[in-house]
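Trainee: how would this look folded up:
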Amino acid sequence: MADKTLVCKDCGKEFVFTEGEQNFYKEKGFDNEPQRCVDCRKARKQQNNNRGFRR
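Mentor: Purely as a prediction, here's the structure:
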């Protein structure tokens with residue numbers, strides 16, 4: 001497996017989905033690649049926390 005360059009669906013910036021992250025996703029049984037960059041994931045998580053959603 002090699003690093004993959006993906007495009008964030010929120011901000012449109014490219015980000016790297018590393019080989020280590022890919023292995024982690026595979027071990028956890030996740031079928032889909034991440035759709036958002038780290039910054040947008042953090043922002044979305046913060047928004048959800050502010051709305052009362054669980055972590």
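
Trainee: low-confidence bits of this structure, can you list those?
Mentor: When residues are selected by pLDDT under 70, those of the chain lie in 53-55.

Trainee: in the longest helix along the chain, which residues are buried?
Mentor: Identified as the longest helix of the chain according to DSSP state H is helix 38-50. The neighbour-count check on helix 38-50 (16 or more other Cβ atoms under 10 Å) flags Cys40 as buried. Just so you know, the C-beta spots here come from the backbone N, C-alpha and C atoms, and that holds for glycine as well.

Trainee: check which helices and strands that helix sits against.
Mentor: If contacts are counted by 3 or more Cβ pairs under 8 Å, 6 or more residues apart in numbering; DSSP states H and E, helix 38-50 sits against no helix or strand.

Trainee: off-centre distance for it?
Mentor: For helix 38-50, the gap between its own C-alpha mean and the chain's C-alpha mean amounts to 11 Å (Cα atoms, centre = their mean, to the nearest Å).
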